[in-house]
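Trainee: A predicted structure for the sequence below; I have some questions about it.
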Amino acid sequence: MGFKALLTYARPYRGSLLLVAFLSLACAAALLSLPWITGQLLGELLGAAQAGDGSNALSSALLLTGGLCVLAIMQMACAITSAAVGTRIEAAFKGDIFAHVQRLPMAYLDRKQQGDLLALLTSEFSLFGILLTRFLAATPTALLAGIGAAVALFQIDQAMALLAMVLLPMCFMLQRLIGRELRGLSIKIQIAEAEVFAAAESNLEMLPAAKAFASEDSALVGYRQVIEKLRRLKLRRRKVIAVLTPAIMLIAGLGSLFLLLLAHQRLGIGQANPAAFFTFVLYVGLLVYAMHTSSRFMGRVSMARGSLERLNHVLAKAAEPGYAMPLLETSCAGWISFSNVWFGYPGQQEVLRGAQFDIEAGETVVLAGENGAGKSTILALLLALYQPRNGRIKIDGCDIAQMNLQQLRRQIGYVPQHPLLQDGTVLDNLTMRQSGFSQADVQRACKLAQAHDFIMQLPNGYRTQIGNRGVALSGSQRQRLAIARALLAEPSILVLDEATSHFTPEDEAAFVEAHRLGQIGCTTIIVSHRRAMLALADRVLTIKDGKVSEIGRRGTMRDPKAASATIIIDQPG
Ligand SMILES: Nc1ncnc2c1ncn2[C@@H]1O[C@H](COP(=O)(O)OP(=O)(O)OP(=O)(O)O)[C@@H](O)[C@H]1O
């Protein structure tokens with residue numbers, strides 16, 4: 001994707017862009033007329049001083065005043081219109097990039113530093129913003145005015161115009177050489193800023209742990225290192241600017257003085273048409289302005305190109321193909337089958353080596369196994385967060401690789417080991433800010449998850465703010481909220497990954513009872529080491545050496561962690 005692709009975002013705003021183009025043209029015409037009118041005015045003032053008649057000068061002065069007013073109004077209109085278009089394009093582009101990031105495979109996101117992505121989506125993006133809003137209006141006007149000024153200069157005095165056209169670009173070429181050096185530095189600065197962003201984000205996230213382990217100082221050392229790197233780069237850029245800018249100004253100043261003296265000699269006040277001298281000088285000024293604006297624009301473009309390259313890197317990564325799969329019109333019963341599934345995380349050995357099992361619709365199965373055996377991995381594969389290297393995973397006989405990802409995931413109520421909650425109210429977290437849930441639905445799900453009572457005790461009940469990532473809640477409250485959220489969506493498959501580890505025995509017993517009575521009537525996969533949860537199982541599957549085997553059925557199961565075949569499950573009731 002390049003700048004051309006950005007143009008596709010401009011398409012819906014063709015009308016406004018045409019207006020910007022028209023206003024730019026009009027501004028350029030007004031800008032071009034001003035040196036001519038001013039030159040005439042100065043020439044007439046000079047003539048009037050000699051002849052004692054100022055009537056011509058008065059009309060030129062009025063014309064100049066009118067021209068300045070018209071130019072100011074058109075510049076305002078042009079800047080506001082282009083800013084309105086630019087900010088919209090920027091917002092649409094930003095939104096689309098975030099949408100793309102959301103759809104990237106977990107295998108890619110796992111390896112990508114979050115801070116990098118954040119910096120790319122925020123601070124680096126501001127470069128595009130500046131390009132689109134500030135330069136969208138100014139550059140075409142300056143370019144058109146510059147071309148017009150060059151033509152006007154040639155009409156006044158060809159030899160002088162030729163000299164100006166040689167001298168001025170030389171100054172700007174010098175500026176561009178420096179610009180190249182500065183751009184290299186600017187790109188390094190952007191990368192360093194992204195590192196500072198990433199370090200700040202990670203340190204803030206780890207702050208509670210850093211406090212608990214009294215390791216704030218070592219976190220600070222790491223942070224200071226990245227800001228020191230950024231400081232040095234910024235200082236280098238300042239030094240380049242500090243030394244070279246005055247040098248260029250000196251060269252440009254001397255060149256302009258030479259041009260001015262020469263112009264004065266050929267077109268100056270003592271000559272037949274003194275207005276030509278003033279007009280010439282003012283058109284040179286306009287040309288300098290046009291070159292300056294265009295070269296700043298080019299500088300911005302090449303800086304933005306650096307960000308675009310990094311953006312391209314992210315955009316080039318293909319989204320999970322399942323998002324584009326068609327929606328199926330069947331309802332899901334919840335029969336799950338893994339056949340000969342092989343899987344390993346990128347760059348790692350296989351966790352699953354030919355895993356094979358079936359879970360019937362409506363069945364409750366506990367997944368057991370040593371730590372790191374691959375229990376959570378099986379759940380992640382079922383949610384299609386990762387793709388198996390080999391084998392098939394089917395739901396109701398349909399390969400999940402062929403299913404629409406969002407449709408698939410909506411069928412599954414997933415409660416992870418560490419529930420993710422967002423800053424907002426209890427209700428926001430239950431509904432994930434989606435509409436269509438009645439109060440009765442919400443309360444029923446919360447009652448099943450043993451969450452309703454504690455929610456009602458919160459200061460504002462379901463409208464209580466729970467803070468960043470649910471900091472205002474206890475571990476068990478967060479888990480209960482996460483289970484309620486999963487149940488509210490009425491999934492066909494409920495996946496509980498150590499989801500009740502913080503529950504009190506009473507709450508867990510109440511949850512188990514609700515499940516046992518069939519109030520939670522869906523296929524359920526439970527990863528848990530807790531006996532109460534084991535009591536729910538119709539079957540226990542265990543994972544060992546990447547393979548899955550059944551170790552017991554209801555009433556005849558043994559403790560999956562124990563070597564002996566002790567029967568531990570006495571079915572209540
Ligand atoms: N995102 C990941 N990237 C790389 N490796 C991973 C990732 N997630 C898990 N692993 C590795 O895969 C293996 C299986 O992990 P998994 O979390 O599935 O085990 P588990 O049986 O759920 O363990 P536990 O009982 O400790 O929760 C482990 O060796 C783990 O280190």
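Mentor: Received it, and whenever you're ready, just let me know what you need.

Trainee: hey, let's count contacts and neighbours off CA atoms from now on
Mentor: Will do.

Trainee: And the residue most central in space within the chain, how far from Ala198?
Mentor: Centroid-nearest residue in the chain: Leu121, 3.0 Å away (criterion: C-alpha atoms, centre = their mean). As judged by C-alpha to C-alpha, to the nearest Å, Leu121 and Ala198 stand 12 Å apart.

Trainee: separation between the closest residue to Gln387 other than its chain neighbours and the ligand?
Mentor: Beyond its immediate neighbours in the sequence, the residue positioned closest to Gln387 (C-alpha to C-alpha, 6 or more residues apart in numbering) is Leu381, lying 6.4 Å away. Distance check for Leu381 against the ligand: by C-alpha to the nearest ligand atom, to the nearest Å, it reads 10 Å.

Trainee: and what of Asp396?
Mentor: According to C-alpha to the nearest ligand atom, Asp396 stands 24 Å off from the ligand.

Trainee: got it, and Trp335?
Mentor: Trp335 sits 21 Å away from the ligand, going by C-alpha to the nearest ligand atom.

Trainee: Please apply the same query to Gln450.
Mentor: In terms of C-alpha to the nearest ligand atom, Gln450 sits 24 Å off from the ligand.

Trainee: swap in Val196?
Mentor: Distance from Val196 to the ligand, counting by C-alpha to the nearest ligand atom: 25 Å.

Trainee: show me what contacts that residue?
Mentor: With contact taken as C-alpha atoms under 8 Å, 6 or more residues apart in numbering, Val196 is in contact with 223, 226-227, 230.

Trainee: Out of these, which comes closest to Gly436?
Mentor: Tyr223 (44.9 Å; C-alpha to C-alpha).

Trainee: wait, the closest one sits on Ala198?
Mentor: No - in this structure Tyr223 lies outside contact range of Ala198 using C-alpha atoms under 8 Å: 9.6 Å.

Trainee: returning to what we had before: the residue nearest to Gln387 contacts Asn390, correct?
Mentor: No - here Leu381 does not reach Asn390: they are 11.8 Å apart, not a contact under C-alpha under 8 Å.

Trainee: So these two - more neighbours on which side?
Mentor: Leu381 (17 against 14; other C-alpha atoms under 10 Å).

Trainee: any idea how far that one lies from Lys375?
Mentor: Computed as C-alpha to C-alpha, the Leu381 to Lys375 distance reads 10 Å.

Trainee: likewise Val471?
Mentor: On the measure of C-alpha to C-alpha, Val471 and Lys375 end up 28 Å apart.

Trainee: When the two are compared, which one has more neighbours?
Mentor: Taking other C-alpha under 10 Å, Val471 and Lys375 do not tie; Lys375 has more neighbours (26 against 14).

Trainee: who's in contact with the more buried one?
Mentor: 367-369, 527, 543.

Trainee: Output the set of residues of this protein in proximity to the ligand.
Mentor: Neighbours of the ligand within the chain, by C-alpha under 6 Å from any ligand atom: 345, 351, 371-377.

Trainee: Write the ChimeraX selection for whichever of these are buried.
Mentor: ChimeraX command restricting the residues of the chain next to the ligand to the buried ones, with burial defined by 16 or more other C-alpha atoms under 10 Å:
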select :351,373,374,375,376,377
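
Trainee: Narrow the residues of the chain next to the ligand to those in helices?
Mentor: 375-377 (DSSP state H).

Trainee: wait, which of those residues is closest to Gly461?
Mentor: Taking C-alpha to C-alpha as the measure, Ser376 is the one of those closest to Gly461, at 32.8 Å.

Trainee: how about a markdown table for the contacts of Lys375, with secondary structure, pLDDT and neighbour count added?
Mentor: Shown next, in a markdown table, are those (DSSP: H, G, I helix; E, B strand; the rest coil; pLDDT from 0 to 100; neighbours: other C-alpha atoms under 10 Å):
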| residue | secondary structure | pLDDT | neighbour count |
| --- | --- | --- | --- |
| Leu367 | strand | 92 | 27 |
| Ala368 | strand | 89 | 26 |
| Gly369 | strand | 89 | 20 |
| Val527 | strand | 91 | 26 |
| Ile543 | strand | 93 | 22 |
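
Trainee: For the ligand, state which of those residues is nearest.
Mentor: Lowest distance from the ligand to those (C-alpha to the nearest ligand atom) belongs to Gly369, with 6.2 Å.

Trainee: That closest one contacts Thr542, correct?
Mentor: Yes - the criterion here is C-alpha under 8 Å, and Gly369 meets it with Thr542 at 5.1 Å.
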